[in-house]
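would you be able to build a 3D model of this:
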Amino acid sequence: MQKEELIMEKKISVARVIEIVACAAIAILYLYTARFGQLPVYQQRGILLSFCYVLIFYKFPMFRIRGKRPIWTIPVDVVLSVVTILGVAKLIIIDLVTSPFGYSVVTTFDTILAAGLIVATLEATRRTIGWALTNLCVIFLIYAIWGDNLPGIFRHLDMNVPQIFDFVGFSVGGIWGVPLYVSSSLVILFLIFASLMSHFGLLEFLTDLSQGLVGRYRGGTGKVAVVSSSFMAMMSGSAVANVVATGSITIPLMIKNGYKPKFAGAIEACASTGGVITPPVMGAAAFIIAEYLGISYWAICIAAFIPAFLFFLSIFVNVDLMAKKSDLVGLSSDQLPKVSRLLLSRGYLLLPLYILIHFLGIVKSSPALAVFWSTVCLLAVALIRKDTRKKILGFDLLKGFADGVQNMLPVIPALASAGIIVGTLSITGLSVRLSSILVTLSGENVFFLLLFCAIAAIILGTGMTTTAVYIMLALVVAPALIRTGIPPLAAHLFIFFYGCLSHITPPVCLAVYMACSISGGKVWETAIEALKISVIIFMIPFLFVFNTNLIMQGNLYNILFSFTTAILGTIAISFSVQNESWIGKINNSNRILFGVGGLMMVYPNITFSLMGLALLIFTIAIGIVVDRKRYK
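Residues are numbered from 1 along each chain as shown. Just a heads-up that it's a prediction; the model follows:
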């Protein structure tokens, strides 16, 4: 029996080796295309899609019975894999000379393969993400097939099923559109880069550096969590994944330092969510925004800087006030690494990040080329230390490449499913009609239209990825926002930000759930604390729509004025939320004054901002006078 178990373990290990080598080969292929030019449309997108689908059907069982994969489901996995490969092969080999926008003649074979590819996409999405996005895709497909029988504005022109399947399954208007293009040309490169950084010690270095920089101050471990989590989240582009990666380190440290589990979980969930909207590397949706608007990715980074800064300022101030209320001190010097020693011994690990920013912001190269040279730089600096040199010259290098590709497994089906929704909305014309309906329902009131959009983004985000939410709303809601006079960049960033905030918004709030699984805290208590910490970011998207200075759209004076008043307003609102300030505990009346003054400061109007500043100065003066009388 023992001998059989050893043989089985050996077989599993061999399968794992084959899997790692195959994933590493895919990673190297796409790094090659980043430097020497992309493959033709369907090859670039199809190779990655088919590889990820086959790996999903291999790694994720159709379902489990008593924790095991039923043997009879294996043929289903094989059929789905074969259908995927045949569908992609048809596009790559047979249709290389055909326009990617569709075919003049749709054969029965085309219809079968397209339908099979759609089914494979739905099943891959269900296995990796869940039922929510899968069901939404099914609803839109049903609407495309039978919507011509509906009454009123929801009725569309009669279309035959082969046309629908062909457009959705085989054209760039459906599965093969912009989302899949961005994932196969950019997202995979950044995930490979993030994976290699983790494998070669950058996560550990950033955590140590954060401890050295802020660990000595009040509530030090909470501030360490904010800094280290934001760094890693901006690289990975995933709030939930980052909570797992850094939260397993930072949350126990915070609890050990005296933070309540609900506070520790909330801090980590918020910091990880904020990292997704933080330049220079943001979530996958940021790349898609650049493609949709036809602007550079660096322009998106510049626009997101002030909102991201205000978000982390809010978290940082809230963490400090929490620590002040709970009398939490910083870590002692013997518990902290020395920053100078860290920078001398491992500071070279920051060089790849500098290369990334240099190529994006100064050289103005494409994001793909920037991340390629950053990856090359990372591999080069990994040769400096003996421990990382052993990794890069061994099997760990392949594992680093492989993990980057495997992180794409939930991304590819999600973006392909988003393509299904986009395809059905386009072919039926529903997106145009829905935009008109939204404008009519809001009475052409911009605020109510934005409110509808925010609510829709949070609701959809409970069961869909941020990118899928953005793509759907960008097609349906963004045109309505732009029609009312909102600048396109502000409209798309508004959608993106609220899609991200679904990670910390009850009742689902996946980042909070994941943090609670580590902290042991109660979900609703942690979610409420997360909302308190991040309250300013729920306001910021509304503010930059009405005041585009906050997304760097305007002259330098106006931008600096808006930025300064927003900083003061953010701090004041944090005082109000935590019922605490840097000059001491505040009473209820002062709490209201801080809240009102903070809101007036961030409101996009010079008169209101100056009135808010006067109110804050008055409130602080009253607080100082009261404190002096109290201690006389």
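
who are the packing partners of whichever helix or strand residue 120 is part of?
Under the criterion of DSSP states H and E, residue 120 resides in helix 108-128. Judged by 3 or more Cβ pairs under 8 Å, 6 or more residues apart in numbering; DSSP states H and E, helix 108-128 is in contact with helix 41-59, helix 74-89, helix 131-146, helix 161-170, helix 411-428. Any C-beta I mention is one placed from the backbone N, CA and C, and that applies to glycine too.

buried deepest among those helices, which one?
Mean neighbour count (mean count of other Cβ atoms under 10 Å) peaks for helix 411-428 among the helices and strands packed on helix 108-128, with a mean of 26.

for the next helix-or-strand element following it, C-alpha coordinates in PDB please.
Sequence order places helix 430-441 as the next helix or strand after helix 411-428, per DSSP H and E. Presented in PDB, the C-alpha positions along helix 430-441 are these (Å, rounded to 0.1, in the frame of the first residue of the first chain):
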ATOM      1  CA  LEU A 430     -29.500  47.200 -26.200                       C
ATOM      2  CA  SER A 431     -26.500  49.300 -24.900                       C
ATOM      3  CA  VAL A 432     -27.600  52.400 -26.800                       C
ATOM      4  CA  ARG A 433     -31.200  52.000 -25.600                       C
ATOM      5  CA  LEU A 434     -30.200  51.400 -22.000                       C
ATOM      6  CA  SER A 435     -28.100  54.600 -22.100                       C
ATOM      7  CA  SER A 436     -31.100  56.600 -23.300                       C
ATOM      8  CA  ILE A 437     -33.300  55.000 -20.600                       C
ATOM      9  CA  LEU A 438     -30.800  55.900 -17.800                       C
ATOM     10  CA  VAL A 439     -30.600  59.500 -19.000                       C
ATOM     11  CA  THR A 440     -34.400  59.700 -19.000                       C
ATOM     12  CA  LEU A 441     -34.900  58.000 -15.600                       C
END
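
quick one: average pLDDT of the helix or strand just after helix 430-441?
Counting by DSSP H and E, the element after helix 430-441 in chain order, helix or strand, is helix 446-461. Averaging pLDDT along helix 446-461 yields 82.

in helix 446-461, what counts as buried?
Residues 449-450, 453-454, 456-458, 460-461 are the ones in helix 446-461 that count as buried (16 or more other Cβ atoms under 10 Å).

what's in contact with that helix?
Residues from elsewhere that reach helix 446-461, judged by Cβ atoms under 8 Å, 6 or more residues apart in numbering: 438-439, 441-442, 468-469, 472-473, 477, 480-481, 484-486, 494-495, 498-503, 505, 508, 541-542, 545-546.

filter those residues down to the buried ones and hand me the PyMOL line.
Selection command for PyMOL covering only the buried members of the contacts of helix 446-461, criterion 16+ other Cβ under 10 Å:
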select buried, resi 438+439+442+468+469+472+473+477+480+481+486+494+495+498+499+500+501+502+503+505+508+541+542+545
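
to residue 256, which of the helices and strands packed on helix 108-128 lies closest?
helix 411-428 (34.4 Å; Cβ to Cβ).

any idea of the angle the closest one forms with helix 41-59?
In terms of direction (axes from the mean of the first three to the mean of the last three Cα atoms, to 10 degrees), helix 411-428 departs from helix 41-59 by 130 degrees.

for helix 411-428, name the packing helices and strands.
helix 41-59, helix 108-128, helix 131-146, helix 161-170, helix 178-182, helix 430-441, helix 466-476.

output stretch 314-332 as PDB, nothing but the C-alphas.
In PDB, the C-alpha atoms belonging to stretch 314-332 read as follows (Å, rounded to 0.1, in the frame of the first residue of the first chain):
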ATOM      1  CA  SER A 314      -7.600  58.600   4.800                       C
ATOM      2  CA  ILE A 315      -6.500  55.100   5.700                       C
ATOM      3  CA  PHE A 316      -3.300  56.300   7.300                       C
ATOM      4  CA  VAL A 317      -5.000  59.000   9.400                       C
ATOM      5  CA  ASN A 318      -7.700  56.600  10.500                       C
ATOM      6  CA  VAL A 319      -5.100  54.000  11.500                       C
ATOM      7  CA  ASP A 320      -3.200  56.600  13.500                       C
ATOM      8  CA  LEU A 321      -6.400  57.800  15.300                       C
ATOM      9  CA  MET A 322      -7.400  54.200  16.100                       C
ATOM     10  CA  ALA A 323      -4.000  53.600  17.600                       C
ATOM     11  CA  LYS A 324      -4.300  56.900  19.600                       C
ATOM     12  CA  LYS A 325      -7.700  55.900  21.000                       C
ATOM     13  CA  SER A 326      -6.400  52.400  22.000                       C
ATOM     14  CA  ASP A 327      -3.000  53.600  23.300                       C
ATOM     15  CA  LEU A 328      -1.100  51.500  20.900                       C
ATOM     16  CA  VAL A 329       2.600  52.300  20.700                       C
ATOM     17  CA  GLY A 330       5.000  51.600  17.900                       C
ATOM     18  CA  LEU A 331       7.400  48.700  17.800                       C
ATOM     19  CA  SER A 332      10.600  48.900  19.800                       C
END
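
average pLDDT for that stretch?
Averaging pLDDT along stretch 314-332 gives 83.

re the thing from before, out of the buried residues of helix 446-461, which is nearest to residue 356?
Relative to residue 356, the closest of the buried residues of helix 446-461 is residue 461; by Cβ to Cβ it sits at 27.7 Å.

and the host helix or strand of residue 376, what's buried?
Residue 376 belongs to helix 367-381 when assigned by DSSP H and E. Neighbour counts using 16+ other Cβ under 10 Å place 367-368, 370-375, 377-379, 381 of helix 367-381 among the buried residues.
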